[in-house]
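[1] here you go, sequence then predicted model.
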Amino acid sequence: MAGIKIPIGPQHPALKEPENFMFELDGEQVIGVDVRMGYAHRGIEKAFEDRTFIQGIYLAERICGICSTSHTTPFVQNAETLLKLEVPKRGLYIRTLVGELERVHSHLLWLGVAGHEVGFDSLFMYTWRDREHVQDMLELISGNRVHYGMNTIGGVRRDIDADQIAKLRVMNKLAKERTDYYIKLCTAEPTFMARIKGVGILSNQDAMDLCAVGPMARASGVKRDVRKDDPYAAYGEIPFDVITADTCDILGRAVVRVFELIQCYKIIDFLLDNLPEGDVKVRAPRRIPPGESISRYEAPRGENIHFMKSNGTDKPDRVKVRAPTYGNMLATLVTLKNCYVADIPIVVAAIDPCFCCADRMVRLVDRHGRNDLWTWQQLQHYAQEKKALEAR
């Protein structure tokens, strides 16, 4: 019967973060879908205004647990642009190194989740085992496995020595050898391919019209990558290829990610082999001159955009974040149409969603029609009142 509607989320076994999708079905086939956001709003953009620029780095790092350096890098790049700071090349190389290792662990995490969503839990176990190996590399550099605390305004906080470089080379070689297996699996394993081939279609034209980003766009033949289009950090000096696919489905998104892993390993080797001598950071003043800046970053999920406005004090006047999940949401709704109910978990997972990154709240007008922009304290009070109400 056409027109039957079912909700999925905000709490649902297929969604690890709270998000609500309303599906309209014709039998088992999706004929319409709508999304409602706003279940995981944390007030981070507002919280930036109440913290210094240095404190803001650590707040930005907690926008996403998987892609923490993907948010601190554009944040500090905006500050460095406003300060007209020239970051030492060694600092830029190490910043890029951490970013590529984060890309590796994020892609391995996604491949494991994709396997889990289609019932291939052996793949989940293997990829997450190898992800631990990559996190060992990040721990070797920064001392941390999740939030690395590496970026600062003017460079990076920690240098790496010859012993660490030697260990990283060996560990990077092992990671590449293990990834060769995943390439064979994603391009030749018949049951896995049958489950994701032709599912979650996003045409090349839709990908461009809906401004899809990251592997979502590249799997539909859109050669779009901020590292090439608008190089930052050390990417302008690094030879690498932008991986694309033309299948326009989840299989293409898997292929793009596993072949991107090989490019990541090449980039890491290049950075280790060509690491410049010198300092890793320069001293930055606490106060940042008035002005506005936009910074783009190619996160593992796609283009991440940070806007910063300074008023001349030691705290930002405004920080605005457009995470890649938010950029891919319209395209995701298209990929869900005409799929089957059983495909919904893997189609949503195919963008590697992070709804906490994308969530936001806007309150502009009160019930009397007056402007009513809240302070950070009012927002905290509202959250506490809502939590108490829900607990009753």
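    Thanks, I have it. Predicted model only: the values in this text are computed from it and were never measured.

[2] show me how the chain divides into domains.
    According to automatic domain parsing, the chain comprises the domains 44-358, 365-392.

[3] secondary structure class for residue 111?
    When classified by DSSP: H, G, I helix; E, B strand; the rest coil, residue 111 comes out as helix.

[4] look up how far residue 205 lies from the residue nearest to it when sequence neighbours are not counted.
    Using CB to CB, 6 or more residues apart in numbering and skipping the chain neighbours, the partner closest in space to residue 111 is residue 127 (4.7 Å). All C-beta spots, glycine's among them, are computed from the backbone N, C-alpha and C. The gap separating residue 127 from residue 205 is 32 Å, by CB to CB, to the nearest Å.

[5] out of those two, which sits in the busier spot?
    Neighbour tally, residue 127 and residue 205, criterion other CB atoms under 10 Å: the higher count belongs to residue 127, 25 against 12.

[6] so who does the more buried one touch?
    Counting by CB atoms under 8 Å, 6 or more residues apart in numbering, residue 127 makes contact with 108, 109, 111, 112, 115, 182.

[7] still on that earlier bit, least confident of the domains of the chain, on average?
    The minimum mean pLDDT among the domains of the chain belongs to domain 365-392 (a mean of 70).

[8] from residue 136, how far out is the residue nearest to residue 111?
    15 Å.

[9] likewise for residue 267?
    Residue 267 is 19 Å from residue 136, by CB to CB.

[10] I'd say residue 230 and residue 294 touch.
    No: Residue 230 lies out of contact with residue 294 (CB atoms under 8 Å); the separation is 10.4 Å.

[11] and for residue 317, the neighbour number?
    Here the number of neighbours of residue 317 (other CB under 10 Å) works out to 16.

[12] with residue 121 instead?
    That count, for residue 121 with other CB under 10 Å as the rule, works out to 11.

[13] how about the one 10 residues further on?
    Taking other CB under 10 Å as the criterion, the count of residues near residue 131 is 20.

[14] before we move on, which element is it in?
    If you go by DSSP states H and E, residue 131 is part of helix 121-142.

[15] parallel or antiparallel, which strands does the following helix or strand past that helix pair with?
    Following helix 121-142 in sequence order, the next helix or strand is strand 151-152 (DSSP H and E). Partner strands for strand 151-152, per DSSP bridges, with pairing direction: strand 155-156 (antiparallel).

[16] next one: the partner strand to chain centre, how far?
    21 Å (CA atoms, centre = their mean, to the nearest Å).

[17] show me what counts as buried in stretch 181-196.
    182, 185, 186, 192, 193, 195, 196 (16 or more other CB atoms under 10 Å).

[18] could you dump it to CSV, C-alpha only?
    Below are the C-alpha coordinates for stretch 181-196, written out as CSV (Å, rounded to 0.1, in the frame of the first residue of the first chain):
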residue,chain,number,x,y,z
TYR,A,181,43.6,-7.2,1.2
TYR,A,182,40.7,-4.7,1.5
ILE,A,183,41.2,-3.6,-2.0
LYS,A,184,40.8,-7.1,-3.3
LEU,A,185,37.8,-7.6,-1.0
CYS,A,186,36.0,-4.4,-2.2
THR,A,187,36.6,-5.1,-5.9
ALA,A,188,36.3,-8.9,-6.1
GLU,A,189,34.4,-10.4,-3.1
PRO,A,190,31.1,-11.4,-4.7
THR,A,191,28.7,-11.3,-1.7
PHE,A,192,30.0,-8.0,-0.4
MET,A,193,29.8,-6.4,-3.9
ALA,A,194,26.4,-7.8,-4.5
ARG,A,195,25.1,-6.2,-1.3
ILE,A,196,26.3,-2.7,-2.1
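
[19] please begin residue numbering at 413 from this point
    Sure thing, new numbering starts at 413, so read that last one as stretch 593-608.

[20] who are the contact partners of the nearest residue in space to residue 627 that is not next to it in sequence?
    Leaving out its chain neighbours, the residue that sits closest to residue 627 by CB to CB, 6+ apart is residue 668, at 4.5 Å. Shown in contact with residue 668 (CB under 8 Å, 6+ apart): 627, 630, 631, 655, 656, 657.

[21] just the CA atoms of stretch 629-644, as PDB, please.
    Extracted in PDB, the C-alpha atoms of stretch 629-644 (Å, rounded to 0.1, in the frame of the first residue of the first chain):
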ATOM      1  CA  ALA A 629      31.000  13.200  -4.600                       C
ATOM      2  CA  ARG A 630      34.100  11.400  -5.900                       C
ATOM      3  CA  ALA A 631      32.200   8.100  -6.100                       C
ATOM      4  CA  SER A 632      29.800   9.800  -8.600                       C
ATOM      5  CA  GLY A 633      32.700  11.000 -10.800                       C
ATOM      6  CA  VAL A 634      33.100  14.500  -9.300                       C
ATOM      7  CA  LYS A 635      36.800  15.200  -9.000                       C
ATOM      8  CA  ARG A 636      36.500  17.500  -6.000                       C
ATOM      9  CA  ASP A 637      39.100  17.500  -3.200                       C
ATOM     10  CA  VAL A 638      40.200  20.600  -1.200                       C
ATOM     11  CA  ARG A 639      43.700  19.300  -0.900                       C
ATOM     12  CA  LYS A 640      44.100  19.700  -4.700                       C
ATOM     13  CA  ASP A 641      41.600  22.500  -5.400                       C
ATOM     14  CA  ASP A 642      42.700  24.800  -2.600                       C
ATOM     15  CA  PRO A 643      45.900  23.400  -1.100                       C
ATOM     16  CA  TYR A 644      46.600  24.100   2.600                       C
END
